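A.B. asks: okay, here's the prediction I keep looking at, along with the sequence it came from:
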Amino acid sequence: ASSDPSASSSTDTLVASSGEPSKMKAWVYDEYGDVSVLRAEDGVLVPQVEEDQVLVKVVAAALNPVDFKRMQGKFKATDSPLPTIPGYDVAGIVVKVGSQVKNLKEGDEVYGDINEKALENPKQSGSLAEFTAVEEKLLALKPQKIDFAQAAGLPLAIETAYEGLEKAGFSAGKTILVLGGAGGVGSLVIQVAKQVLGASRVAATASTGKLELLKSLGVDLAIDYTKENFEDLPEKFDVVFDTVGQGDRAVKAVKEGGSVVVLTGAVTPPGFRFVVTSDGASLTKLNPFIEEGKIKPVVDPKGPFPFSQVVEAFTYLETGRATGKVVIYPI
Ligand SMILES: NC(=O)C1=CN([C@@H]2O[C@H](COP(=O)(O)OP(=O)(O)OC[C@H]3O[C@@H](n4cnc5c(N)ncnc54)[C@H](OP(=O)(O)O)[C@@H]3O)[C@@H](O)[C@H]2O)C=CC1
Ligand SMILES: CC[C@H]1OC(C)=C(O)C1=O
């Protein structure tokens, strides 16, 4: 049984229904557009569980910019069919397991990004719902140290941070500049680079009011982008990790032979862009650092937003001013 009181109610409904497909609350859109296409439904079918999947009772979810970009139709060429229940990040409790599931059981507290390839056929039935079906390999056990709301905000962002740093060949003793250090991904790039990969020096950019946050995350040089241009500083870095879409400027701040990771926008050589792959094993590898408090989830203090306020949560995320993660809790 979970320690979170909000995790019990609908689980009972599902178990009590003697396995008959049961209905659930979910946020749905039938057409592409802005947040006005979103609507709350309470009669949505609980997703079926494939052999390699588990059914998760969603305790908390988190939003990512890919959710609103997908909703706007930016990735329609490779999207799953409409209607869509959005949401990539989930934290919750396993209530059903498929016949091929090996390492998870009913009652396990889990977290993960439910879409292995963020832009290729993401699931029609996402995490902004009472239940979601996820492949076991995309999930990890939730660390005891953090609650469901904190856990929900980690998967896609921390997997992006970790994968980008790996692709950049980041290693102990290297220096890094993070463009967008206060954001969902940037706040985790800082911590993974410093605490997991042994960065010798971390610099990051943010606006004036977020510089103290950067320092609290372990940044050695907090750059106020409203006052100076990072590329004009004499210091150059082994890796520049751009989360803001400043790839053209990022290449001016990297050392000769260094790497520039670009998450969005145009890519200028030697920069490279990639799209995150969800992987439960990566979360499992990072769990000890979370349990030891070396990696701290950053949940935007305007949240968590309750399930009824998903539209407000999206509207806030789309301002581009979120600090850390926009979390949806309770569901
Ligand atoms: N390729 C991939 O696989 C992935 C791509 N992405 C993309 O990466 C981008 C970042 O994602 P995410 O971190 O979730 O976004 P967020 O919405 O969390 O980013 C918001 C943050 O960005 C900061 N910011 C905005 N403009 C600037 C600027 N000019 N300089 C420095 N900081 C700035 C804001 O700080 P302030 O208020 O101080 O400006 C704010 O804290 C998005 O475009 C997303 O789509 C994300 C994940 C995976
Ligand atoms: C092309 C980058 C795209 O992929 C993800 C996951 C985003 O957030 C994007 O903008």
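C.D. replies: Cool, got the structure. Residues are numbered from 1 along each chain as shown. Ligands and ions are numbered 1, 2, ... in the order given.
A.B. asks: the strands in the stretch 1-150 of the chain, which residues?
C.D. replies: Per DSSP state E, counting those that start in this stretch, the stretch 1-150 of the chain has strands spanning 23-28, 39-45, 53-62, 89-97, 109-113, 131-135, 139-141. These are given in chain order.
A.B. asks: out of those strands, deepest packed?
C.D. replies: Most buried of these by mean neighbour count (mean count of other C-beta atoms under 10 Å) is strand 53-62; its value is a mean of 29. Where C-beta positions appear, they are placed from N, C-alpha and C, glycine not excepted.
A.B. asks: so can I have TSV of the strands of the stretch 1-150 of the chain showing distance to ligand 1 and mean pLDDT?
C.D. replies: Written out in TSV, the entries for these read as follows (distance: least, C-beta to the nearest ligand atom, whole Å; pLDDT from 0 to 100):
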stretch	distance to ligand 1	mean pLDDT
strand 23-28	19	97
strand 39-45	23	96
strand 53-62	9	98
strand 89-97	10	97
strand 109-113	10	99
strand 131-135	18	98
strand 139-141	18	98
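A.B. asks: next up, the contacts around whichever residue of the stretch 51-200 of the chain sits closest to ligand 1.
C.D. replies: In the stretch 51-200 of the chain, the residue found nearest to ligand 1 is Gly183; the distance is 2.9 Å by C-beta to the nearest ligand atom. The contact partners of Gly183, by C-beta atoms under 8 Å, 6 or more residues apart in numbering, come to Thr243, Val244, Ala322, Thr323, Gly324.
A.B. asks: now with 10 Å, please.
C.D. replies: For Gly183, the contacting residues are 65, 157, 189, 204, 206, 210, 243-244, 263, 298, 300, 320-325, taking C-beta atoms under 10 Å, 6 or more residues apart in numbering as the criterion.
A.B. asks: identify those among those that sit within helices.
C.D. replies: Mapping those onto helices (DSSP state H) picks out Pro65, Ala157, Val189.
A.B. asks: state the pLDDT value of the second one.
C.D. replies: Just to be clear, that refers to Ala157. On pLDDT, Ala157 comes in at 99.
A.B. asks: circling back to that earlier point, looking at neighbours, which among the ones in helices among the contacts of Gly183 is most surrounded?
C.D. replies: Looking at the ones in helices among the contacts of Gly183 with neighbours defined as other C-beta atoms under 10 Å, the largest count falls to Val189 at 32 neighbours.
A.B. asks: over to the closest residue to it other than its chain neighbours: give its phi and psi.
C.D. replies: Spatially, and ignoring its direct neighbours in sequence, Val189 is nearest to Ala161 (4.3 Å; C-beta to C-beta, 6 or more residues apart in numbering). Here is the backbone geometry of Ala161 (degrees, to the nearest 10): phi -60, psi -50.
A.B. asks: tell me who's in contact with the residue nearest to Glu50 when sequence neighbours are not counted.
C.D. replies: Nearest non-adjacent residue to Glu50, counting by C-beta to C-beta, 6+ apart: Gly98, 5.6 Å away. Applying C-beta under 10 Å, 6+ apart, one finds that Gly98 lies in contact with Gln48, Val49, Glu50, Glu51, Asp52, Gln53, Val54, Leu55, Leu104, Ala133, Glu135, Glu136.
A.B. asks: what's the spacing between Gly98 and Ile114?
C.D. replies: Using C-beta to C-beta, to the nearest Å, one gets 14 Å for the distance from Gly98 to Ile114.
A.B. asks: thinking again about what came up before, the residue nearest to Val189 against Gly180, yeah?
C.D. replies: No: here Ala161 lies out of contact with Gly180, judged by C-beta atoms under 10 Å, at a distance of 11.4 Å.
A.B. asks: if we can go back for a sec, any of the contacts of Gly183 buried? List them.
C.D. replies: Among the contacts of Gly183, those classed as buried by 16 or more other C-beta atoms under 10 Å are 65, 157, 189, 204, 206, 210, 243-244, 263, 298, 300, 322-325.
A.B. asks: want to throw the strands of the stretch 1-150 of the chain into JSON lines with distance to Leu165?
C.D. replies: Below are the strands of the stretch 1-150 of the chain laid out as JSON lines (distance: least, C-beta to C-beta, whole Å):
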{"stretch": "strand 23-28", "distance to Leu165": "32"}
{"stretch": "strand 39-45", "distance to Leu165": "38"}
{"stretch": "strand 53-62", "distance to Leu165": "21"}
{"stretch": "strand 89-97", "distance to Leu165": "19"}
{"stretch": "strand 109-113", "distance to Leu165": "17"}
{"stretch": "strand 131-135", "distance to Leu165": "24"}
{"stretch": "strand 139-141", "distance to Leu165": "18"}
